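Student: heads up, no residue letters with this:
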């Protein structure tokens with residue numbers, strides 16, 4: 001590379017570094033520091049040493065660790081079943097196992113409320129059968145069920161990927177040499193799976209601490225930090241809200257310290273091959289088990305779609321509703337005002353996704369290519385990864401409620417919150433695509449006479465676009481169903497669909513809430529399908 005090109009590259013790196021430092025410093029570092037300073041100045045020890053605050057700290061820690069255990073057992077077991085054995089329904093189960101990702105947190109919680117809650121189908125059925133009302137599930141049990149359903153996908157996805165690169169003959173060789181099944185697992189399989197298990201545990205721990213919908217609906221007598229922060233903020237108890245916010249952030253950082261991957265797979269990389277189940281009874285049992293799990297996965301989606309067709313004013317004491325119509329959808333589609341929350345979520349999600357791409361891509365480039373200042377921008381962009389949505393919202397409230405930069409109570413505060421929450425995701429995914437990129441391909445093409453535009457169109461874009469499209473779509477989809485930060489930051493002018501669902505359900509529009517939920521599920525699912533098709537065409 002000649003001197004002029006090197007000088008131009010250094011100038012580009014400096015420009016990107018300054019832009020990233022300024023923007024990330026203003027939107028992430030400054031709000032975080034402002035919150036910590038304000039919390040220290042208004043610290044209230046009584047909030048966390050007694051009463052509901054103390055219980056919330058204890059309960060949050062319990063839920064985080066219990067969710068890791070529950071999701072880990074289900075997700076890891078399912079990964080072993082799908083990757084290690086061939087049975088009827090295996091392909092369907094492997095694909096449908098990702099469906100909880102397409103179920104926004106509020107919609108999933110609402111579905112479980114009508115499945116296992118006080119007025120849910122399971123308690124109604126048991127009351128009809130045995131005349132008891134004790135089968136409604138509330139408190140920590142309900143929260144753990146919802147967390148297990150929502151977060152087992154972390155373990156399933158990461159452990160499946162690790163198992164697919166592990167040659168099963170390694171285990172067979174250990175068994176041939178006299179190792180017991182338990183010893184073969186701990187000496188061969190577990191070391192290879194440990195990074196995946198640790199990574200999934202970290203994601204589950206942090207997601208459980210940030211969970212808001214499930215504790216809000218089911219934790220009436222079981223206080224959780226995220227809900228306590230929301231209630232303290234609504235009651236204008238600023239010192240309590242700030243103190244609890246810092247404690248929740250510390251718990252998330254505790255998860256980062258506990259679930260750190262300290263070792264890599266121990267040299268067992270190969271190509272895993274599912275082993276066919278030969279016995280007729282084994283194939284039958286595994287097939288029944290697989291389709292039973294599929295039914296469980298699909299049940300929350302089915303309940304939401306079913307209840308969106310119910311006339312809730314005519315459903316009283318019956319176990320199952322008997323009157324159905326399309327009036328819930330007609331009420332939304334017939335009044336332009338009802339479509340406003342959908343439009344708000346779409347434009348705010350688009351703005352957040354675009355901003356995340358614009359800032360996350362150069363951040364990933366500086367970090368992945370080890371450019372000057374790359375470590376600093378990588379550290380800055382990863383701060384929100386360790387902060388729950390409630391903490392992010394409180395950061396923004398504290399920082400942007402000043403006269404010099406007043407964004408609080410404006411329509412722009414929510415897209416900013418979506419950006420802050422999701423920029424680590426895009427930066428990580430983009431860095432994974434940029435790190436192995438071979439710049440010599442561009443140099444060779446330019447040597448052969450290719451223009452910069454040609455290199456971008458035929459070399460850079462095909463290699464990076466699939467990862468960038470997938471990451472941007474994940475940001476957009478996450479923004480569509482975001483609830484925990486939205487409930488603290490929304491205004492009437494930018495009311496998102498998740499808040500509208502909550503307001504309709506808690507008011508008199510239960511049917512409209514389910515119709516909105518179906519629209520939200522459709523938007524999220526369509527977004528994922530579009531990304532998959534678009535990425536495959538680029539490749």
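Tutor: That came in fine, so what should we check first? Quick caveat: nothing in here was measured; it's all calculated off a predicted structure. Residues are numbered from 1 along each chain as shown.
Student: next, please give the residue ranges for the strands of the stretch 51-200 of the chain.
Tutor: 85-86 (DSSP state E, counting those that start in this stretch).
Student: could you list the low-pLDDT ranges of it?
Tutor: Along the stretch 51-200 of the chain, segments meeting pLDDT under 70 span 131-134, 165-188.
Student: hmm, try it at 90
Tutor: Applying pLDDT under 90 to the stretch 51-200 of the chain picks out residues 51-53, 77-106, 108, 114-139, 153-200.
Student: surely residue 406 is in contact with residue 400?
Tutor: Yes. The pair residue 406 and residue 400 qualifies as a contact (C-beta atoms under 8 Å) at a distance of 6.6 Å. To be clear about C-beta, it is placed using only N, CA and C from the backbone, and glycine gets the same treatment.
Student: these two: who's more crowded?
Tutor: Neighbours were counted for residue 406 and for residue 400 using other C-beta atoms under 10 Å; residue 400 has more, 23 against 11.
Student: show me the contacts for the more buried one.
Tutor: Shown in contact with residue 400 (C-beta atoms under 8 Å, 6 or more residues apart in numbering): 31, 406-408, 413, 416.
Student: one more pass at 7 Å, please.
Tutor: Residues near residue 400 by C-beta atoms under 7 Å, 6 or more residues apart in numbering: 406-408, 413.
Student: where does pLDDT dip in the stretch 401-539 of the chain?
Tutor: For the stretch 401-539 of the chain, the ranges with pLDDT under 90 are 401-410, 421-475, 477-478, 480-485, 488, 493, 502, 504-513, 521-539.
Student: list the buried residues in stretch 95-115.
Tutor: Within stretch 95-115, the residues that count as buried by 16 or more other C-beta atoms under 10 Å are 96-97, 99-115.
Student: Three-state assignment for residue 254, please.
Tutor: Assigned by DSSP: H, G, I helix; E, B strand; the rest coil, the conformation of residue 254 is helix.
Student: check it and give its pLDDT.
Tutor: pLDDT recorded at residue 254 is 85.
Student: now the strands: where do they sit in the stretch 201-350 of the chain?
Tutor: 275-276.
Student: is it correct that residue 409 falls within a helix?
Tutor: No. Applying three-state DSSP, one finds residue 409 to be coil, outside a helix.
Student: what is the neighbour count of the residue lying closest to it once chain neighbours are set aside?
Tutor: Counting by C-beta to C-beta, 6 or more residues apart in numbering, residue 409 lies nearest to residue 491, which is 5.6 Å off, once chain neighbours are set aside. Using other C-beta under 10 Å, residue 491 has 13 neighbouring residues.
Student: quick check: residue 491 touching residue 411?
Tutor: Yes. If you go by C-beta atoms under 7 Å, residue 491 and residue 411 touch, sitting 6.5 Å apart.
Student: overlap in contacts of those two?
Tutor: Common contacts of residue 491 and residue 411 (C-beta under 7 Å, 6+ apart): none found.
Student: circling back to that earlier point, the residue nearest to residue 409 and residue 526: what is the separation?
Tutor: Computed as C-beta to C-beta, to the nearest Å, the residue 491 to residue 526 distance reads 27 Å.
Student: please apply the same query to residue 399.
Tutor: Distance from residue 399 to residue 526, by C-beta to C-beta: 35 Å.
Student: more neighbours, the two?
Tutor: Neighbour totals were compared for residue 399 and residue 526, and residue 399 leads with 22 against 12 (other C-beta under 10 Å).
Student: any idea which element the nearest residue to that one once chain neighbours are set aside lies in?
Tutor: Closest residue to residue 399 apart from its sequence neighbours, by C-beta to C-beta, 6+ apart: residue 31 at 3.6 Å. Using DSSP states H and E, residue 31 falls within helix 30-41.
Student: quick check: buried residues in that helix?
Tutor: In terms of neighbour count (16+ other C-beta under 10 Å), helix 30-41 has its buried residues at 30-32, 34-36, 38-39.
Student: what segments of the stretch 301-450 of the chain are helices?
Tutor: Taking DSSP state H, counting those that start in this stretch as the criterion, the stretch 301-450 of the chain contains helices spanning 327-334, 340-368, 374-381, 389-399, 413-434, 440-447.
Student: do you know which of the ones you listed lies nearest residue 477?
Tutor: helix 340-368 (7.8 Å; C-beta to C-beta).
Student: give me the mean pLDDT for that closest one.
Tutor: Averaged across helix 340-368, the pLDDT comes to 89.
Student: residue contacts, residue 474?
Tutor: Residue 474 makes contact with residue 425, according to C-beta under 7 Å, 6+ apart.
Student: again, only using 8 Å
Tutor: Counting by C-beta under 8 Å, 6+ apart, residue 474 touches 422, 425-426, 429, 531.
Student: kindly report the same for residue 331.
Tutor: 338, 509, 511-512, 515.
Student: do you know how far residue 418 is from residue 23?
Tutor: Going from residue 418 to residue 23 by C-beta to C-beta gives 15 Å.
Student: which of these two has more residues huddled nearby?
Tutor: Remark: of residue 418 and residue 23, residue 418 carries more neighbours, 30 against 19, as counted by other C-beta under 10 Å.
Student: which one is the more buried one nearest to, not counting chain neighbours?
Tutor: Among residues not flanking residue 418 along the chain, residue 352 sits closest, at 3.5 Å (C-beta to C-beta, 6+ apart).
Student: my guess is that neighbour meets residue 422, correct?
Tutor: Yes. Contact criterion C-beta under 8 Å: residue 352 and residue 422 qualify, at 6.7 Å.
Student: need the residues touching each of these two.
Tutor: Here residue 352 and residue 422 share the contacting residues 475, 479, scored by C-beta under 8 Å, 6+ apart.
Student: quick revisit: reformat the buried residues of helix 30-41 as a markdown table; add pLDDT.
Tutor: Formatted as a markdown table, those follow (pLDDT from 0 to 100):
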| residue | pLDDT |
| --- | --- |
| 30 | 90 |
| 31 | 90 |
| 32 | 90 |
| 34 | 88 |
| 35 | 88 |
| 36 | 89 |
| 38 | 89 |
| 39 | 89 |
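Student: nearest to residue 386 among these?
Tutor: residue 32 (10.3 Å).
Student: skipping its backbone neighbours, what lies nearest the closest one in space?
Tutor: Nearest residue to residue 32, sequence neighbours excluded (C-beta to C-beta, 6+ apart): residue 395, at 5.5 Å.
Student: and the pLDDT for the one you found?
Tutor: pLDDT recorded at residue 395 is 88.
Student: quick one: it and residue 389, what's the gap?
Tutor: Using C-beta to C-beta, residue 395 is found at 10 Å from residue 389.
Student: residue 75 now?
Tutor: For residue 75 relative to residue 389 (C-beta to C-beta), the value is 22 Å.
Student: now residue 140
Tutor: Taken as C-beta to C-beta, the span from residue 140 to residue 389 is 21 Å.
Student: for residue 230, find the nearest of the helices of the stretch 301-450 of the chain.
Tutor: With C-beta to C-beta, the closest approach to residue 230 among the helices of the stretch 301-450 of the chain belongs to helix 389-399: 6.8 Å.
Student: quick check: angle from the closest one to helix 30-41?
Tutor: For helix 389-399 against helix 30-41, the angle by axes from the mean of the first three to the mean of the last three C-alpha atoms, to 10 degrees is 90 degrees.
Student: for helix 389-399, packing partners?
Tutor: helix 30-41, helix 225-234, helix 238-258, helix 413-434, helix 486-489 (3 or more C-beta pairs under 8 Å, 6 or more residues apart in numbering; DSSP states H and E).
Student: which one of those lies nearest to residue 86?
Tutor: Closest approach to residue 86 among the helices and strands packed on helix 389-399 is made by helix 413-434 (30.2 Å; C-beta to C-beta).
Student: check which residues of the closest one are buried.
Tutor: 413-431, 433-434.
Student: other SSEs contacting that helix?
Tutor: Applying 3+ C-beta pairs under 8 Å, 6+ apart, one finds that helix 413-434 contacts helix 340-368, helix 374-381, helix 389-399, helix 461-480, helix 486-489.
Student: I appreciate the help and will end here.
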